[in-house]
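**Student:** Sequence plus predicted model, see below.
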Amino acid sequence: MSDATGFEPKIVAYVCNWCTYLGADLAGTNRLEYPPNVRIVRLPCTGRIDFNLLIKTFEMGADAVIVSGCHPGDCHYTAGNYHARRRWTMFRELLDTLGFEMDRIHFAWISAAEGKKFQQFITETTEKTRALGPYTAYREICEASR
Amino acid sequence: MSDVIAKDDLLRLVDQWLAEGKRVLGPVKAGDGVILYAPLAASSQLVLEGFVHAANSIKEAVFPRSETIYTYKFNGHEIELSDVDPDSTQCIVIGARPCDAASLPVLDHLFNWDYKDKFYNARRAATTVVTVACSEYDDNCFCTSVGLGPAAEQGSDAMLLKAPDGWYEVRAVTDKGTALFNGKTTPAPEIKVPISDGPAKKFDTVDIETFLKNNYESDAWRDITMRCLGCGACAYNCPTCHCFDIVDEGDAAGGRRVKNWDSCQFGQFTVHASGHNPRAVQAQRQRQRIQHKFRIYPEKFGAILCTGCGTCTRNCPVSLGVLNTLEAIAAVARGSIEVK
Amino acid sequence: MIDQLRQTCRKLLEEGAVKVVIGYGQDKPSMMPHPVFITKPEECDRLVWNDLCFANLAAYITRKEIKALGKPAVIVKGCDERALVVLEQESQFTRDGIYVIGVACTSLPASGVGNPRAAKCASCAVRTPRYADVTIGEAAVGSSAVGSSSCSTADAEFAQLDEFMKKTPAERFAYWKAELSRCVKCYACREVCPMCYCNRCIVDKNRPTAIDTSATIKGNLAWHIARAFHQAGRCVGCDECTRACPAGINLRLLNQSLAKSVERAFAYKAGMDKETPPVIGSYSLEDKENFIQ
Ligand code: SF4
Ligand code: SF4
Ligand code: SF4
Ligand code: SF4
């Protein structure tokens, strides 16, 4: 799995309880294989995912972060994902201004029926992150803050 | 008999200190024209003149904004603690104002009171302070009202006085200062730099102390401090403010216990575990800052906890800070302002 | 103009229409004008008005010490007034619970470094207040968009940001690393901000701690992301935070990044119009999502 340097990306996925988490479950029950680099954190809704969690995740050494939930129109709470969509639009702009490596922050809509999409998305994200290497810039500021 | 050093030689000396691995702290230009005391990477960053006072103080040399006091690791159900050695890197503060240096002997009392703070003391012992006597002052300076002045030597190890033609007169104050400039200066009997009188006295500390003793509950506090926002712009940049908070920072694997600056002006500062806050409104917090500086600390340690640098007033977003509060108090004490 | 302002305030206090006037005073000439709270008609002569009246007095409306004084009249510039609009949208007061005295910016501050108003005034679209109960003065001639409530601010507003975005991400990250490492977490930027009215800020919460308390670069970056993002779609660009920062940190740039995104993506500008639903707390089925897979 690992490349010549032995680097294994650490990725954290924040997913909603009703769609993406079930999509992940479906991938599992269908025995679809995907890289083990992703730790899944289940939250009620994408609308519940606090931006501070993303920052905390990088602080704790993640190389990439994933946020995924129900497709538009499918939110269990009607509109949580619409609110999230707005928030992430603005949040991405802020992180971009701050000079974050934007190809380490990924968003997706994955439904309970999309086990296959889950598998593909996780595989692709892992490979992309592997190619990027560790998030050195962020690790440096954490190191400097000890 | 005076000893002098040329500015170029002084800068070369700074680079030499840096090359020797010493930490050198001095005024630098940061951001949009703001002057701050900060660690230097080269002598070319140093700004010695052309401003009255930096927007912060030199206290970070002895009392950093954030200092680890020990670290911990979780080992199954065990916790492993590790001591952190106090930082005793040799540090030279260059270009401090006399009102910054004067804060150090005042802080010594607190950090060596019922508990001897080894972190503070290690840094203090490793720090040498070179001040520049003030030739300029502004409306916010009031060193002369608290018993100091443009060339007050308290806390300085050596003092530089600006002489004509790119020279500085060097006055060694302590052995540390003598050692630092040993062999670096030239005798110049003819140079004797005159010392400015500094700002006119703005209030009498005895009047202030009397007012503070007798007017703890006065409505003047509310009236004078109504505009105070409760930020830390005054206390964090003050050379004498020294409150800190102790917090743990870490994750499931372990972390560190750290001593961070705190300010009595924050609403959360005195909140009890029960939720009760004995200083519920901003006027009580401002009162605390003034009482502590001009009554409590002098009663306890015989020293005023303020050097008249004016930094708090310059930084205050609503033009309050200690000076404007004290002037308003002095006016109330004289009876020229009526309390509502 | 100052006579008219003092007279207006005196009358309000005499008639008992308000209990306190929140305005600008200047106790001695060497001081910057600062907030004052006038409760007696005869004290209205303490009020001043000039180019150096920087403070956004809307920040006092939500403070408990000020609320305790009774119904306030608050003096606002056009930019400050936008903060009142947002605060009302967020139910921080009822419109008849405060009296708003607008002052038009009759002259523009000298441009240049060191003037905390220079940057925002250059692209201001609200030199004449529109939400006030009474407005004193007339906006300076030559101001392009007097009283306009539209979203179409000239690109000049974001010129500094656009220039900054020409740097590479790594250069931007390095810039902020240097800039934010000066932050001591004094929270002056938070306390002056009319939008920062939470009783307990997220940085003061410790069960659990979302943001490191220490003023290390890691803790500072997390703090500045939270500060800026909690203002997304709410910041009115009054630049008080930038003015208040003793370390001279360019907070304006971060606020602008969000303001621009809000304007471009959602055609929204905070505090311009009370009736437009706030960008946070509403949504549209048509919102773009080109970044979501
Ligand atoms: S006096 Fe000024 S600087 Fe100090 S807490 Fe009050 S508003 Fe902040
Ligand atoms: S209280 Fe103000 S004037 Fe006094 S030492 Fe502190 S910052 Fe300087
Ligand atoms: S974030 Fe700054 S510019 Fe925006 S409203 Fe608050 S103080 Fe004004
Ligand atoms: S005012 Fe400046 S130094 Fe203080 S917390 Fe805000 S950014 Fe940091």
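**Tutor:** That came through fine. Residues are numbered from 1 along each chain as shown, chains lettered A, B, ... in the order given. Ligands and ions are numbered 1, 2, ... in the order given.

**Student:** Just the closest residue of chain A to ligand 4, please.
**Tutor:** The shortest separation between chain A and ligand 4 is 13.9 Å, found at A:Leu98 (distances taken as CB to the nearest ligand atom). (C-beta placed from N, C-alpha, C; glycine too.)

**Student:** Quick check: B:His242 touching B:Leu107?
**Tutor:** Yes: A contact is recorded between B:His242 and B:Leu107 when judged using CB atoms under 8 Å, the distance being 5.9 Å.

**Student:** which residues do those two both contact?
**Tutor:** Residues touching both B:His242 and B:Leu107 (CB atoms under 8 Å, 6 or more residues apart in numbering or on different chains) are B:59, B:63.

**Student:** what about the closest residue to the residue of chain A closest to ligand 4 other than its chain neighbours, how many neighbours?
**Tutor:** In space, and not counting its chain neighbours, A:Leu98 is closest to C:Trp176: 5.3 Å by CB to CB, 6 or more residues apart in numbering or on different chains. Residues within reach of C:Trp176, counting by other CB atoms under 10 Å in any protein chain shown, total 23.

**Student:** helix/strand/coil for C:Trp176?
**Tutor:** Per DSSP: H, G, I helix; E, B strand; the rest coil, the local secondary structure of C:Trp176 is helix.

**Student:** tell me the contacts of it?
**Tutor:** Shown here is C:Trp176, whose contacts under the criterion CB under 8 Å, 6+ apart are A:98-99, C:221, C:224.

**Student:** now the stretch 51-200 of chain C, which segments are flagged as low pLDDT?
**Tutor:** C:107-116, C:139-155 (pLDDT under 70).

**Student:** From the chain's centroid, how far away is the helix or strand where C:Gly23 lies?
**Tutor:** Per DSSP states H and E: C:Gly23 is located in strand C:20-25. Its chain's average C-alpha position is 17 Å from that of strand C:20-25, according to CA atoms, centre = their mean, to the nearest Å.

**Student:** Mind giving me the packing neighbours of it?
**Tutor:** For strand C:20-25, the contact count by 3 or more CB pairs under 8 Å, 6 or more residues apart in numbering or on different chains; DSSP states H and E identifies helix C:2-14, strand C:34-38, strand C:72-76 as packing neighbours.

**Student:** Check the average confidence over it, would you?
**Tutor:** Confidence over strand C:20-25, taken as the mean pLDDT, stands at 98.

**Student:** Then stretch B:178-195?
**Tutor:** Taken as a whole, stretch B:178-195 has an average pLDDT of 90.

**Student:** got the contact list for the closest residue to B:Arg23 other than its chain neighbours?
**Tutor:** Ranked by CB to CB, 6+ apart and with sequence neighbours excluded, the top spatial neighbour of B:Arg23 is B:Cys91, at 4.3 Å. Residues near B:Cys91 by CB under 8 Å, 6+ apart: B:22-25, B:61, B:123, B:126-128.

**Student:** what ranges do the helices span in the stretch 151-293 of chain C?
**Tutor:** If you assign secondary structure with DSSP state H, counting those that start in this stretch, the helices in the stretch 151-293 of chain C sit at C:159-164, C:169-180, C:188-192, C:217-229, C:240-244, C:251-266.

**Student:** The last one and chain A in contact?
**Tutor:** What that stands for is helix C:251-266. Yes: Helix C:251-266 lies within reach of chain A by CB under 8 Å from any CB of the partner chain, at C:253-254, C:257-258, C:260-262, C:265-266.

**Student:** Would you mind listing which of these are buried?
**Tutor:** In the residues of helix C:251-266 next to chain A, burial by neighbour count holds for C:253-254, C:257-258, C:260-262, C:266, counting by 16 or more other CB atoms under 10 Å in any protein chain shown.

**Student:** what's next to stretch A:84-91, contact-wise?
**Tutor:** Contact partners of stretch A:84-91, identified using CB under 8 Å, 6+ apart, comprise A:45-47, A:49, A:51, A:54, A:67, A:69, A:72, A:107, C:229, C:232-233, C:258, C:261-262, C:265-266, C:279-280, C:283, C:287-289, C:291-292.

**Student:** er, stretch B:3-22 I mean
**Tutor:** Residues outside stretch B:3-22 that contact it (CB under 8 Å, 6+ apart): B:24, B:26, B:40-44, B:46, B:48, B:89-92, B:94, B:160, B:163, B:166-172, B:181, B:184-188, B:191.
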